[in-house]
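Visitor: Predicted model follows, preceded by the sequence.
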Amino acid sequence: MGEKYTTARITREGEHFEILVKPQKALEYRLGKNLPLSEILIAETIFTDANKGTKPSEEKLRKAFGTIDPLKIAEIILKKGTIQLTTEQRKKMIEEKRKKIISIISRQCVDPRTNLPHPPLRIQQAMEQIHFSIDPFKDAEEQAKDVIKLLRSVLPLKTEQVLVAVKIPAEYAAKAYGTVKGFGTIKHEEWQADGSWRSTLEMPAGLFGPFLEKLGEITKGSGEAKIVS
């Protein structure tokens, strides 16, 4: 299939259906960008095999989609079917997803020997050892869970949540709130009479070190944080 167009496919009611699309536009649409179908479709035609030019009967279209309108059917295929990625698209998406998965593992897991996160390069090398096949469309969090299970055979990993007590002076409280929240789940919070903010935050153990660094940076060293359990 040429780089100027590709196919999007779906199987319904035991029948196979395809449309011809512009690869980058189709991918952007699938990932949530609001684009008119006219910018995506090569032709407003539904095929059973685009390479051969064969088309389904109206009866098969109605049975599978409840309509014979090619635009409505194309929309369903783009949203719920499979888009055949170009080589470059697939390579780029897999690499971006790989980085996200490694980042998640680094945040959620620690080396039980040191209680520190594994360096990203070490995680990447371990992933190569287990030959994990990354799905460019599947959620990174879901895939990270699968990777963690498999990595345990080649890399010592410990997943652990900790409760952290945080105190931030009034002059930095508003600025730091969003950052603190981004590291975990706020279990309890209290605004003090002097404008300072206290909270208890649950986070992956591997994030505590980076959290301390970020907190120190935002509060110029005046913020406090300690593990309470």
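Guide: Yes, it's here.
Visitor: Moving C-terminal from the longest helix seen in the chain, which element do we reach first?
Guide: For the chain, the helix with the greatest residue count under DSSP state H is helix 87-108. Counting by DSSP states H and E, the next helix or strand C-terminal to helix 87-108 is strand 109-110.
Visitor: which neighbours does that next one have in its sheet, and in what orientation?
Guide: Applying DSSP bridges, strand 109-110 is found paired with strand 158-159 (antiparallel).
Visitor: Give me the mean pLDDT for the longest helix of the chain.
Guide: The predicted model gives helix 87-108 an average pLDDT of 92.
Visitor: what sits up against the helix or strand encompassing Ala26?
Guide: Following DSSP H and E, one finds Ala26 within helix 23-30. For helix 23-30, the surrounding residues in contact (CB atoms under 8 Å, 6 or more residues apart in numbering) are 3, 5-6, 8, 35, 39-40, 78-79, 83-86, 89, 137. From N, CA and C alone the C-beta is placed, and that goes for glycine too.
Visitor: Can you tell me what sits against stretch 72-87?
Guide: 1, 3, 6-10, 17-19, 21, 23, 26-27, 29-30, 37, 40-41, 44, 46, 61, 65, 67, 93, 136.
Visitor: Distance of the closest residue to Lys158 other than its chain neighbours relative to Leu41?
Guide: Leaving aside its chain neighbours, Lys158 sits nearest to Pro112 (4.1 Å; criterion: CB to CB, 6 or more residues apart in numbering). Distance of Pro112 to Leu41, computed by CB to CB, to the nearest Å: 53 Å.
Visitor: again, but for Ala50
Guide: Counting by CB to CB - Ala50 and Leu41 are separated by 12 Å.
Visitor: do the same with Lys4
Guide: Per CB to CB, Lys4 is found 13 Å from Leu41.
Visitor: likewise Glu189?
Guide: On the measure of CB to CB, Glu189 and Leu41 end up 50 Å apart.
Visitor: Spell out which residues make up each domain of the chain.
Guide: For the chain, automatic domain parsing gives the domain ranges 6-83, 87-158, 160-227.
Visitor: how long is the second one end to end?
Guide: End-to-end distance of domain 87-158: 36 Å, with CA to CA, to the nearest Å as the criterion.
Visitor: My guess is Leu150 contacts Phe132. True?
Guide: Yes. Counting by CB atoms under 8 Å, Phe132 is a contact partner of Leu150 at 6.2 Å.
Visitor: Not counting sequence-adjacent ones, nearest residue to Arg62?
Guide: Distances taken as CB to CB, 6+ apart place Ile68 nearest to Arg62, at 6.0 Å, with adjacent residues excluded.
Visitor: got the contact list for the residue nearest to Lys158?
Guide: Taking CB under 8 Å, 6+ apart, we find Pro112 in contact with 156-158.
Visitor: Now the phi/psi pair for it, please.
Guide: In terms of degrees, to the nearest 10, the main-chain angles of Pro112 are phi -60, psi -20.
Visitor: Show the model's pLDDT score for it.
Guide: 87.
Visitor: tally of neighbours for Phe65?
Guide: Neighbour count of Phe65, defined by other CB atoms under 10 Å: 21.
Visitor: cool, the one 10 residues further on as well?
Guide: For Glu75, the tally of surrounding residues (other CB under 10 Å) stands at 16.
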